[in-house]
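Colleague: Sequence and predicted structure below; questions after.
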Amino acid sequence: MNTTTSKIRSFNRFYTSHLDILSQHYLESDYSLTEVRILYEISESKTITAQNITEILNLDKGYVSRILKRFLKENLISKIASVDDKRAFNIELSDSGKALLHSLNKKVDQQIEDKIENLNFFEKENLINSMHTVKNLLSENKPLRSDITYRHEINPGDIGYIIYLHGFIYGNESNFSNEFEKYVIKTFYHFLENYSPEKDRIWMAEYNNKIVGCIAIQHQPENEAQLRWFLLDPSFRGLGIGKKLLTDAVDFCKEQKFKNVFLLTTSMQDKALEMYKMAGFELTESTEVNQWGKTFRDERYDLKLR
């Protein structure tokens, strides 16, 4: 069993035990979690059939049929002939079914409130964001471009998190040593020490209030600008985020009337190099170096603006 599988299974055991969802009597009711989930699906749908429930919850048809028969016997649901298909029946909750589900929902809400009662605001936000991340990573519905937001105001914690992303991503993708993260810290120190709101800017792409991409422009002597810290979380590549960040950065340089914008990168950053070249940057310097535990070519690219 690999490490990822082991950790996921460990989380599953913790989560199911923590929420007490393995009991045959969910929330001390006469119903299992699966039965309550079926009631929930019925309540959420204007029209739903037994076949729909089977497909939505990926359950055995016979198993669903037995549960629905029990619900009918206990007057929790009613069956109404479908207008579109006389052979099919739509299922609705009866008043008793609605009352039962309402009671269970209140218990669930209270259970959750009790579980998070001792968490502070930041811990609750972290919990919700982490759950959202798990849901999206395991869902077939990946993040959309419309889910990404952008900003250039620097908030407390932004720089520290961007430094972390550099160390984590470059450490895993390029196998750079810890010396690289030290280098990034130094560059940000210089950026913040000489920061000018009129000439400097850092853009951040966010998903679910979490930074997933960034780029910056730092002014340099002789009316030049340096493009820095162009980075994107690998999970969000292919959504056009990098292209937008790069375009915004170059447009900013044009607005500020810089005569030239340059960047320093390595020959190892294939995807970024393609984007730089498409934006009009040209290679002007290339030197082989041994740095951060790797041997590569240290390269400079320039884009003449006037």
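Modeller: All right, it came through fine. Residues are numbered from 1 along each chain as shown.

Colleague: now Leu232, which residues is it bridged with?
Modeller: Beta-bridge pairing for Leu232 (DSSP bridges): Gly213.

Colleague: Now do the same contact list for it.
Modeller: 205, 212-213, 241-242, 245 (CB atoms under 8 Å, 6 or more residues apart in numbering). In this view, the C-beta of every residue, glycine as well, is placed from N, C-alpha and C.

Colleague: Give the ranges of residues in the protein that sit below the confidence cut-off.
Modeller: Low-confidence segments of the chain (pLDDT under 70): 1, 19-24, 85-86, 140-143.

Colleague: so how far is Ile112 from Phe252?
Modeller: According to CB to CB, to the nearest Å, Phe252 stands 44 Å off from Ile112.

Colleague: if you count what's nearby, which of those two comes out ahead?
Modeller: Comparing Phe252 with Ile112 by neighbour count (other CB atoms under 10 Å), the higher total belongs to Phe252, at 21 against 11.

Colleague: which helices and strands does the host helix or strand of the more buried one pack with?
Modeller: Assigned by DSSP states H and E, Phe252 belongs to helix 241-255. Applying 3 or more CB pairs under 8 Å, 6 or more residues apart in numbering; DSSP states H and E, one finds that helix 241-255 contacts strand 149-151, strand 201-207, strand 210-220, strand 224-232, helix 270-278.

Colleague: what sits up against it?
Modeller: In contact with helix 241-255 (CB under 8 Å, 6+ apart) are residues 145, 148, 150, 201, 203, 205, 212-217, 225, 227, 230, 232, 261, 271-272, 275-276, 279, 303, 305.

Colleague: Give me the buried entries from those.
Modeller: 148, 201, 203, 205, 212-217, 225, 227, 230, 232, 261, 272, 275-276, 279, 303, 305 (16 or more other CB atoms under 10 Å).

Colleague: Is it possible to get a markdown table of the contacts of Leu232 that adds distance to Ile38?
Modeller: What follows is the contacts of Leu232, written out as a markdown table (distance: CB to CB, whole Å):
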| residue | distance to Ile38 |
| --- | --- |
| Ala205 | 40 |
| Val212 | 37 |
| Gly213 | 41 |
| Ile241 | 39 |
| Gly242 | 44 |
| Leu245 | 45 |
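
Colleague: Which of those sits closest to Lys135?
Modeller: Comparing the contacts of Leu232 against Lys135 with CB to CB places Val212 closest, at 15.8 Å.

Colleague: Contacts only, for that closest one.
Modeller: With CB under 8 Å, 6+ apart, Val212 has these contacts: 148, 205-206, 232-233, 235-236, 241.

Colleague: from those, which is closest to Tyr183?
Modeller: Nearest member of the contacts of Val212 to Tyr183, counting by CB to CB, is Leu232, at 19.3 Å.

Colleague: which residues does the residue lying closest to Gly293 once chain neighbours are set aside contact?
Modeller: Once flanking residues are discounted, Gly293 sits nearest to Ser177: 3.7 Å by CB to CB, 6 or more residues apart in numbering. With contacts defined as CB under 8 Å, 6+ apart, Ser177 is in contact with 171, 292-293.

Colleague: between the helix holding Phe252 and strand 210-220, how big is the angle?
Modeller: Helix 241-255 and strand 210-220 are oriented at 30 degrees to each other (axes from the mean of the first three to the mean of the last three CA atoms, to 10 degrees).

Colleague: then helix 241-255 to CSV, C-alphas only?
Modeller: Written as CSV, here are the backbone C-alpha positions of helix 241-255 (Å, rounded to 0.1, in the frame of the first residue of the first chain):
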residue,chain,number,x,y,z
ILE,A,241,-4.6,31.4,-15.3
GLY,A,242,-1.0,31.8,-16.2
LYS,A,243,-1.8,33.5,-19.5
LYS,A,244,-4.0,36.1,-17.7
LEU,A,245,-1.4,36.8,-15.1
LEU,A,246,1.3,37.2,-17.6
THR,A,247,-0.9,39.4,-19.8
ASP,A,248,-1.8,41.6,-16.9
ALA,A,249,1.8,42.0,-15.9
VAL,A,250,3.0,43.0,-19.4
ASP,A,251,0.0,45.4,-19.8
PHE,A,252,0.9,47.1,-16.5
CYS,A,253,4.5,47.6,-17.7
LYS,A,254,3.1,49.2,-20.9
GLU,A,255,0.8,51.5,-18.8
